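[1] Show me the folded form of this:
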Amino acid sequence: MSDLSKLPVTVVTGFLGSGKTTLIRHLMTNPQGKRLAVVVNEFGDVGVDGEILKSCAIPECPAENIMELANGCICCTVADDFIPTIEALMALEPRPEHIIIETSGLALPKPLLKAFDWPDIRSKITVDGVIALADAEAVAAGRFAPDVKAVEAQRVADDSLDHETPLSEVFEDQISCADIVLLTKPDLAGTDGLAKAKDIIAAEAPRPLPVVEVAEGIVDPRIVLGLEAAAEDDMDARPSHHDGHDDHEHDDFDSIVVDIPEVDDPADLVAKIEQMARQQNILRVKGYAAVTDKPMRLLVQAVGARVRYQFDRPWRPDEARRGRLVVIAEHDDVNTNAIMNALVDKVAAE
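    Residues are numbered from 1 along each chain as shown. Alright, predicted model coming up:
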């Protein structure tokens, strides 16, 4: 790549638990000969996604090319965090040949695209494409993509009704801004669920979008990289619920960090998370745990009451064997004491 070429950036967006980190891990290990850099935007105080990606760093994407933004939603901290991070990546030697940005599950992609009009980077960077990941089972169930016609009919019948939720607005904005949609976890949705999810996405999209089924993040990198969409010059084709607003609020969501002691059996922790998710209407849990007599760290990720876990790496000699989970829920559903009591057998009285 010559010095005069614009550096391509791929924005990976999608709702909580849609599989963004898994996809990026696959792209990192299949870089098609390119030097990659990755920007990870966390929601919560624990850099779980960043640690996962750094654990699989390779020469084409070394650990120093993986940067975390943990001070809030990437589309709300453009000047303070995002622009300096992009400038730092462009200054690396050797220079990355492609940057992948993993947004938080709550980030609206359009304000982020507007950041690429920033004078210091517009001449140096182009948005190669926006990739939206969607959990096929969740979409088919209508949890993140409501029936727009039914909602509109209710609004016509009663002007006081507003059935748009924060979840649906985030989902719709991500689909509206996408150049391609990856429909993840197709095995859980089944044939009928996949068909329904594709219909919902087609109804939400402002223009025809390619939809690709992806299991375990495995997709040919040529499908998602090298789109040359120049999305920063194509803003009018990407409508948003927040067009005309300078910012958006995330007060509808809260995250809680819970330190947990060593567990004797991972199944016990999974059962606690499942029960807590059902009782407290939890959206997402991610983090890690220490298992008694096991030298490996247990990585835990949950979407609602669906929990997945695996041992990801050995505990380092210089780190404490302690568990830590980030729990994310809608603001009105957050009960800190109930969440902590659900995950920790005994919580000290305040």
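[2] just the helices in the stretch 51-200 of the chain please.
    Here the stretch 51-200 of the chain has its helices, by DSSP state H, counting those that start in this stretch, at 83-90, 109-115, 119-122, 136-141, 148-157, 166-177, 186-204.
[3] List just the one of those that sits closest to Leu298.
    Set against Leu298 and scored by C-beta to C-beta, those come closest in helix 186-204, at 22.2 Å. Heads up, the C-betas are built off the backbone N, CA and C, glycines and all.
[4] The closest one: how far from the chain's middle?
    Averaging C-alpha positions (C-alpha atoms, centre = their mean, to the nearest Å) puts helix 186-204 20 Å from its chain's average.
[5] So which elements touch it?
    Counting contacts by 3 or more C-beta pairs under 8 Å, 6 or more residues apart in numbering; DSSP states H and E, helix 186-204 is packed against helix 136-141, helix 166-177, strand 180-184, strand 211-214.
[6] Let me know the average pLDDT across the shortest one.
    Same thing as strand 211-214. Across strand 211-214, the average pLDDT comes to 91.
[7] ok, back up a step: for the helices of the stretch 51-200 of the chain, which has the smallest mean pLDDT value?
    For the helices of the stretch 51-200 of the chain, where the average pLDDT is lowest is helix 148-157, sitting at a mean of 35.
[8] So, low pLDDT: which residues of the stretch 1-150 of the chain?
    1-4, 16, 42-81, 106, 118-120, 143-150 (pLDDT under 70).
[9] Could you rerun that using 80?
    1-5, 15-17, 32, 41-86, 104-108, 111-112, 114-122, 142-150 (pLDDT under 80).
[10] Let me have the helices of the stretch 51-200 of the chain in CSV, adding distance to Tyr288 and mean neighbour count as columns.
    Below are the helices of the stretch 51-200 of the chain laid out as CSV (distance: least, C-beta to C-beta, whole Å; neighbours: other C-beta atoms under 10 Å):
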stretch, distance to Tyr288, mean neighbour count
helix 83-90, 25, 17
helix 109-115, 28, 22
helix 119-122, 34, 13
helix 136-141, 24, 24
helix 148-157, 39, 11
helix 166-177, 26, 23
helix 186-204, 24, 17
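[11] Tell me which of those approaches Leu299 most closely.
    Closest to Leu299 of those is helix 186-204 (C-beta to C-beta; 19.5 Å).
[12] Now do the strands in the chain.
    With DSSP state E, the ranges of strands along the chain come out as 7-14, 36-41, 66-69, 98-102, 125-135, 180-184, 211-214, 253-260, 284-290, 296-303, 306-314, 323-330.
[13] Tell me how far the spatially closest residue to Ile260 that is not a sequence neighbour lies from Val257.
    The shortest distance from Ile260 to any non-neighbouring residue, by C-beta to C-beta, 6 or more residues apart in numbering, is to Gly323 (3.9 Å). Distance, Gly323 to Val257, by C-beta to C-beta, to the nearest Å: 11 Å.
[14] Looking at these two, which has the bigger crowd around it?
    Per other C-beta atoms under 10 Å, whichever of Gly323 and Val257 has more neighbours is Gly323, with 21 against 12.
[15] Show the contacting residues for the more buried one.
    Asp259, Ile260, Pro261, Glu262, Val263, Gly287, Tyr288, Ala289, Ala290, Leu298 (C-beta atoms under 8 Å, 6 or more residues apart in numbering).
[16] isn't the second one right up against Asn341?
    Which is Ile260. No - using C-beta atoms under 8 Å as the test, Ile260 is too far from Asn341 to be in contact (11.8 Å).
[17] If you count surrounding residues, which of the two has more?
    Ile260 (20 against 14).
[18] List the contacts of the residue nearest to Val127 when sequence neighbours are not counted.
    Leaving aside its sequence neighbours, Val127 sits nearest to Ala231 (C-beta to C-beta, 6+ apart; 3.8 Å). For Ala231, the contact set (C-beta under 8 Å, 6+ apart) comprises Val11, Leu113, Phe116, Val127, Asp128, Gly129, Val130, Cys177, Asp179, Arg238.
[19] Bridged to the fourth one, which residues?
    The one in question is Val127. Beta-bridge partners for Val127, by DSSP bridges, are Val9.
[20] how deep is it tucked in, by neighbour count?
    Neighbours of Val127 (other C-beta under 10 Å): 26.
[21] Look up how far Ala178 lies from it.
    Counting by C-beta to C-beta - Val127 and Ala178 are separated by 12 Å.
[22] Asp135 contacts Pro186, doesn't it?
    No - the criterion here is C-beta under 8 Å, and Asp135 misses it with Pro186 at 10.0 Å.
[23] just to revisit the earlier point, including pLDDT and distance to Ala141, could the contacts of Gly323 go into TSV?
    TSV is the format used below for the contacts of Gly323 (pLDDT from 0 to 100; distance: C-beta to C-beta, whole Å):
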residue	pLDDT	distance to Ala141
Asp259	91	33
Ile260	92	30
Pro261	91	35
Glu262	93	35
Val263	93	30
Gly287	86	25
Tyr288	89	28
Ala289	93	29
Ala290	94	34
Leu298	93	28
